[in-house]
Structure formats: structure tokens, C-alpha cells
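Student: Pasting a predicted model and its sequence here:
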Amino acid sequence: MANMKEQIEILIHLQKIETQAGKINFALAGVSKKIAALDSEINSYENIAEEKKSFIDDLRKKYRASESDYQTNLAFLAKSQDKLTAVKTNKEYQSVLKEIDDIKIKSSAIEEEMLKNLDAIETAEQEITKLKKEFLLIKEKINEEKEIINKEAEQNRIDITVLDEEKNNISKKVSSEVMAKYNMLKEFTKGMAIAPTIDSICQGCNMNIPPQMYNELLRFDSIKHCPHCQRIIYWGKL
């Protein structure tokens, strides 16, 4: 078993390992969130594209309906024009002419609606073509970002395995009593179980320790605790 000074040095190193591991684990915990955010960005573009397609489909349905109405009106117009040859009175003649005018007005309105739909379809198709180009570029960029994130995550997992192995190896060199104190304090202080003391000030809580205790730290013959935060303390120049 290592002497007390060596054990304190091991605890210092152990805390550094655990701090580093904590940062890596925090990064790993955020990986799925980052990936989900990138996937959400892709989905949003896909949803916009689907909405545009549905909009175009609706316009085409309206155009086909108007086209059908227009053909029906043309048939009505032809029938009305045929009536002119069979009318016998001026009143009937005027009535058929009005009928023809009404059909032409209606046909003109339908044609105008058809043209509007065609313009809207053309505009929407141009927008969706532009959107697809943007989407391909963004998707490529997002996939590259996801690849980087996944590679970093894989490296972080490897680093965690190495750190865990190193932690297990060096922990065996510390007495069970000292290790128990360290683990208890780590839990109590939320991670920082051991802190240096510089110029009689504990760097864990920034409080002064008694002069006698500071002098005793130089001997490294026993575990000392800060009287304020209870952390294990050591001479800062170690």
C-alpha cells in the first residue's frame, strides 16, 4: 500500500480522472439530443415539401374541375346557339341571346380561374424545385454534422473505458478507509472531494484553515479535512 503522501497524490489524480469522465459523460448524454435536433431540421424541410405537394395537388384538382365546367359550358353554348335557328319570336330570340351572353360570362370567369390556378401551380412548382435543392444541401450538411457527432461520441466512449480502467487500477493503491472517506465526500460535495490549500486558504470553499493545520499538511502523515467544507485538503504545491 502506498504511503500517505502517495495516497493523497492518487486521490488528486483520481479526482482529475473523474472530472474528465464527468465532462465526457455529459457530452455523451447530449448526443441523442443533438441528433434529434438535426433530424427534426430535416423533417421540417420534408414537411414543408409535403405541404407544397399537397397544395399543388389541390390546385390541379381545382384546375381539372374548372376545365370540366368549361367544357360543360361550351356544350351549353353550342346548344344555345343552335336554338337561335329555331326561335320564332323576337322575345324568344332576345331570351336565347341573353342565355348565350350569360354562358359566355360564366365561361370567361372559369377561364380566368383556370389561368390563376395555372400560374399558382407554376409558382408552387418553382418553389418546390428550389426547396428540393436547398434541402439536398442542408441534408448533406446535417449528415456530415451527424457523422462528426457520432465519431466524437465513439471516441468519448473509448476514452471513458480507458479512464474507468485507470480509475480502477489506481483506486487499488489507496487504503479502503481513505477510499471510503473520499467517496463519501465526493457524494457530499457533488464531485470535489479533495482540494489544495494555498496560503492557508482551502481552494474548495475559499475559507482560512487554522495555521497549525496548515503546517501539519506539510508532513503528509494523515488525512486532513477542511474545518469548513470537510473536504480532504493537501498542501497546494504538491
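Tutor: Right, received. Where do you want to start?
Student: Need phi/psi at the closest residue to Trp235 other than its chain neighbours.
Tutor: On the basis of C-beta to C-beta, 6 or more residues apart in numbering, the spatially nearest residue to Trp235 that is not a chain neighbour turns out to be Leu217, at 4.4 Å. For glycine as for every other residue, the C-beta is placed from the backbone atoms N, C-alpha and C. Leu217 adopts backbone torsions of phi -60, psi -30, taken as degrees, to the nearest 10.
Student: list the contacts for Leu217?
Tutor: For Leu217, the contacting residues are 197, 224, 233-235, taking C-beta atoms under 8 Å, 6 or more residues apart in numbering as the criterion.
Student: how much space between Ile24 and Arg219?
Tutor: In this structure, Ile24 lies at 36 Å from Arg219, with C-beta to C-beta, to the nearest Å as the measure.
Student: quick one: which of those two has more around it?
Tutor: Neighbours around Ile24 and Arg219, counted as other C-beta atoms under 10 Å, are more numerous at Ile24. The numbers are 19 against 11.
Student: The most centrally placed residue in the chain is in what secondary structure piece?
Tutor: Most central in the chain under C-alpha atoms, centre = their mean is Ala37, positioned 1.6 Å from the mean C-alpha point. The secondary structure element spanning Ala37 is helix 31-83 (assigned by DSSP states H and E).
Student: tell me the domain ranges of this protein?
Tutor: Dividing the chain into domains by automatic domain parsing, as the record does, gives the ranges 17-171, 176-235.
Student: out of those domains, nearest to Glu9?
Tutor: Comparison of these against Glu9 by C-beta to C-beta identifies domain 176-235 as nearest, at 8.5 Å.
Student: Tell me how many other residues crowd Asn73.
Tutor: The number of residues packed near Asn73 is 20, by other C-beta under 10 Å.
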